[in-house]
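[1] pasting the structure only:
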């Protein structure tokens, strides 16, 4: 079944409920689905758990969602950097929860969810607070920590090109977490730079197969409508 192709950001995010777990793509601002996040803010959905690489930059994108008071918990690898003042303030005021996950574990936990893997053992975090309360086991003389998958109710990601079957390609580092998030969510919404006809993307370069895509937001059509 082909995904919906829409030109209205608000239509793209319609139906995201309060208390949802939202996987948000991006490495800093690279590949962050800012148009979808702005629409999510307008939708009014609140009490969200956000899974992302970091906790927002400046005052836009994920930082704007945090500033709007819509996020209850952040699961990320890099919560604190020079321009993460929105999250920093909210966390210090006790207005948002935080779960820190090492970056490789974050990607693998989402990949595990998409692959149907129930759990996996990883050596990262052994002997640190990140391993507290988790099962550990020894394999070949090395201690490993049990990690559980991270799945989402919805994934918001950005891609460079998508066809009308939902097949996606990405541009350079903007690829980052998009592919694993697309597989780990019950519903995947993608803002895409342009939508092309079926067959226009060489199957050899497809990164995310269309089976994982539910909605495509055509940014070219959004820009055209706003001009």
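    Yes, it's here. Keep in mind that this is a model prediction, so the values were computed, not measured.

[2] use CA for all of it now, contacts and neighbours both
    Fine.

[3] Model confidence at the residue of the chain positioned farthest from its centre, what's the number?
    Here the chain reaches farthest from its C-alpha mean at residue 141, the gap being 35.3 Å by CA atoms, centre = their mean. Model confidence at residue 141, given as pLDDT, is 97.

[4] that's a strand at residue 121, yeah?
    Yes. Residue 121: assigned to a strand according to DSSP: H, G, I helix; E, B strand; the rest coil.

[5] From residue 75, how far out is it?
    For residue 121, the distance to residue 75 (CA to CA, to the nearest Å) stands at 19 Å.

[6] what about those two, which has more around it?
    Legend: neighbour count by other CA atoms under 10 Å for residue 121 and residue 75, higher for residue 75 (22 against 16).

[7] Next, the contact list for the more buried one, please.
    Contacts of residue 75 were listed using CA atoms under 8 Å, 6 or more residues apart in numbering, and they are 49, 50, 51, 52, 98, 99, 100, 101.

[8] measure the fourth one to residue 107 for me?
    Note on residue 52: its distance to residue 107, by CA to CA, is 10 Å.

[9] Quick check: the spatially most central residue of the chain vs residue 87, distance?
    By CA atoms, centre = their mean, the chain has its centre lying nearest to residue 24, at 2.4 Å. Going from residue 24 to residue 87 by CA to CA gives 15 Å.

[10] now do residue 51
    Computed as CA to CA, the residue 51 to residue 87 distance reads 14 Å.

[11] Same question for residue 1.
    From residue 1 to residue 87 the distance is 39 Å (CA to CA).

[12] what about the two, which has more around it?
    The residue with more neighbours, out of residue 1 and residue 87, is residue 87; 28 against 9, by other CA under 10 Å.

[13] any low-confidence regions in the protein?
    Under the criterion pLDDT under 70, the flagged ranges of the chain are 226-227.

[14] Phi and psi next, for residue 223.
    Backbone geometry at residue 223, expressed as degrees, to the nearest 10, gives phi -60, psi -40.

[15] An error on my part: the question was meant for residue 97.
    Taking degrees, to the nearest 10 as the convention, residue 97 sits at phi -90, psi 160.

[16] neighbours around it, how many?
    The tally of other residues near residue 97 (other CA under 10 Å) stands at 15.

[17] Also the one 10 residues further on?
    Other residues near residue 107 come to 21 when the count uses other CA under 10 Å.

[18] got the residue ranges for the strands in the protein?
    Under the criterion DSSP state E, the chain contains strands at 4-6, 21-24, 48-51, 71-76, 97-100, 120-122, 136-139, 142-147, 154-163, 168-169, 188-196, 215-218.

[19] okay if I get the ones you listed as JSON lines plus distance to residue 30?
    Shown next, in JSON lines, are those (distance: least, CA to CA, whole Å):
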{"stretch": "strand 4-6", "distance to residue 30": "23"}
{"stretch": "strand 21-24", "distance to residue 30": "12"}
{"stretch": "strand 48-51", "distance to residue 30": "16"}
{"stretch": "strand 71-76", "distance to residue 30": "16"}
{"stretch": "strand 97-100", "distance to residue 30": "20"}
{"stretch": "strand 120-122", "distance to residue 30": "28"}
{"stretch": "strand 136-139", "distance to residue 30": "35"}
{"stretch": "strand 142-147", "distance to residue 30": "27"}
{"stretch": "strand 154-163", "distance to residue 30": "9"}
{"stretch": "strand 168-169", "distance to residue 30": "15"}
{"stretch": "strand 188-196", "distance to residue 30": "13"}
{"stretch": "strand 215-218", "distance to residue 30": "18"}
